[in-house]
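>>> 3D model of this:
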Amino acid sequence: MTHFNSIIGQSPALDSLIRSAKIVAAADVTVLLKGETGTGKEVLASAIQKSSARADKAFITLNCAALPESLIESELFGHKKGAFTGASSDKQGLFQSADGGTLFLDEINSLPLTIQGKLLRFLESGECLAVGGVKPHTVNVRIISATNANLNQQIEAGQFRSDLYFRLNVVPLELPPLAQRTEDIEHLIKHFLAFFAEAHGLAAPKFSKQAINNLKDYPWPGNIRELRNLCERLSILLAGRTIEPENLPPEFHAKYILTPKTTDFTLPDSGFRLDFLEANLINQALSRTNGNRSKSARLLSISRDTLLYRMQKHGLAL
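Reported below is the predicted structural model:
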């Protein structure tokens with residue numbers, strides 16, 4: 001049994017990701033995990049650390065969006081007594097605490113620009129300087145970072161340093177959204193229902209085939225985290241029962257793919273240019289998702305590769 005068994009699923013997309021992650025785990029390099037919120041980036045980061053040569057050392061996580069700019073520098077680098085109001089004693093930062101181990105920086109896209117420069121200096125030199133300090137500390141820490149945003153777009157907007165991106169993006173790994181690995185939904189359900197049955201001391205429910213089909217038709221904006229929360233809720237409310245479509249929340253009864261019987265679009269007598277309509281819909285999807293191609297593909301009920309092909313066909317910006 002490997003530490004990657006904590007990542008549930010057997011889809012080709014997931015298998016490919018895990019193969020790459022196992023290689024990365026053995027190589028002590030900086031890793032950037034990309035993917036939508038709820039796709040399991042922290043779980044993957046933990047599996048990489050546990051399968052690495054640093055497995056017996058510290059694994060520390062920090063959500064860069066969870067702290068205000070005034071605190072995040074002190075949290076990462078530490079501070080000296082008297083460095084600012086309220087600094088009543090010296091504090092060791094996360095870089096020092098993780099010495100020899102791994103520091104996972106989640107939502108790195110939220111890191112303030114002023115702190116990005118200090119992180120870049122650390123990646124280049126291994127030195128970290130506490131707030132109010134004069135002598136830097138040298139530590140040996142592996143950085144795994146994660147983003148749920150398009151960093152290239154943030155670089156173009158002046159919100160993220162390109163030089164830091166290149167240092168973080170030594171090995172990028174992209175986690176697929178749940179809507180692109182629907183064959184894994186049943187595996188995840190089985191895992192979550194068993195887990196919550198044991199955690200709450202209740203008989204595990206089961207999903208009917210039609211209920212599972214409803215789950216597979218759903219776009220899963222919250223990804224695996226949303227599925228986990230649904231399984232916990234149903235494990236408590238419907239313990240030991242068979243879950244039918246009517247037991248699912250209202251959003252799981254919507255139809256996300258129009259069929260000839262349900263569409264209300266009428267072809268005009270004069271006809272129209274299908275390629276213009278397709279390009280227009282792609283532009284609308286990209287605009288609605290702020291350029292996120294995975295989310296745009298989901299809105300259009302096509303794969304991301306198909307979206308990229310059609311964008312290229314219509315001469316849309318890639």
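>>> The closest residue in space to K80 that isn't next to it in sequence: what's it in contact with?
If the residues on either side of it in the chain are set aside, K80 comes closest to G132, at 3.8 Å by CB to CB, 6 or more residues apart in numbering. All C-beta spots, glycine's among them, are computed from the backbone N, C-alpha and C. Residues near G132 by CB atoms under 8 Å, 6 or more residues apart in numbering: H79, K80, K81, G82, A83, F84, A87.
>>> so of the residues you listed, which ones are in strands?
Residues of these located in strands (DSSP state E): H79.
>>> which one of the contacts of G132 has the most neighbours?
Tallying neighbours with other CB atoms under 10 Å puts H79 at the head of the contacts of G132, with 22 neighbours.
>>> what does the model give that one for pLDDT?
You'll see H79 listed with a pLDDT of 80.
>>> T114 - how many residues pack around it?
The number of residues packed around T114, counting by other CB under 10 Å, is 10.
>>> same check, this time on S20
Under the neighbour criterion other CB under 10 Å, S20 is assigned a count of 15.
>>> Kindly state the pLDDT recorded for it?
The predicted local confidence for S20 is 95.
>>> A strand includes it, no?
No: the assignment for S20 (DSSP: H, G, I helix; E, B strand; the rest coil) gives helix, which keeps it out of a strand.
>>> low-scoring pLDDT stretches of the chain, where are they?
Along the chain, segments meeting pLDDT under 70 span 1-2, 83, 254-272, 318.
>>> repeat that with 50
For the chain, the stretches with pLDDT under 50 are 1, 257-262.
>>> Please, where are all the helices along it?
Remark: helices assigned in the chain by DSSP state H are 12-26, 41-50, 69-77, 94-97, 113-125, 151-156, 162-168, 185-200, 209-217, 223-237, 274-288, 293-299, 304-313.
>>> which one of those helices lies closest to E174?
E174 lies closest, by CB to CB, to one member of the helices of the chain: helix 12-26, at 7.6 Å.
>>> Mind listing what's buried along the closest one?
Residues of helix 12-26 classed as buried under the neighbour-count rule (16 or more other CB atoms under 10 Å) are A13, L14, L17, I18, A21, V24, A25.
>>> Turn those residues into JSON lines, columns for distance to G126.
Below are these laid out as JSON lines (distance: CB to CB, whole Å):
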{"residue": "A13", "distance to G126": "35"}
{"residue": "L14", "distance to G126": "34"}
{"residue": "L17", "distance to G126": "29"}
{"residue": "I18", "distance to G126": "30"}
{"residue": "A21", "distance to G126": "24"}
{"residue": "V24", "distance to G126": "20"}
{"residue": "A25", "distance to G126": "21"}
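>>> Now do E198: how many residues are near it, please.
For E198, the count of nearby residues is 11 (other CB under 10 Å).
>>> and if you look at D275?
Number of residues near D275 (other CB under 10 Å) recorded here: 11.
>>> That one contacts H314, correct?
Yes: if you go by CB atoms under 8 Å, D275 and H314 touch, sitting 6.9 Å apart.
>>> can you give me phi and psi for the closest residue to A25 other than its chain neighbours?
In space, and not counting its chain neighbours, A25 is closest to S51: 3.9 Å by CB to CB, 6+ apart. Main-chain torsions, S51, degrees, to the nearest 10: phi -100, psi 10.
>>> Pull the contacting residues for S51.
Contacts of S51 (CB under 8 Å, 6+ apart): T2, H3, F4, K22, A25, A26.
>>> and if we set it to 7 Å?
T2, H3, F4, K22, A25 (CB atoms under 7 Å, 6 or more residues apart in numbering).
>>> G9 now?
Shown in contact with G9 (CB under 7 Å, 6+ apart): R181, D184, H187, L188.
>>> coming back round to it: now the helices of the chain in TSV, please, with extra columns for distance to P177.
As requested, those are exported to TSV (distance: least, CB to CB, whole Å):
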stretch	distance to P177
helix 12-26	10
helix 41-50	12
helix 69-77	28
helix 94-97	29
helix 113-125	27
helix 151-156	18
helix 162-168	22
helix 185-200	12
helix 209-217	13
helix 223-237	6
helix 274-288	14
helix 293-299	5
helix 304-313	9
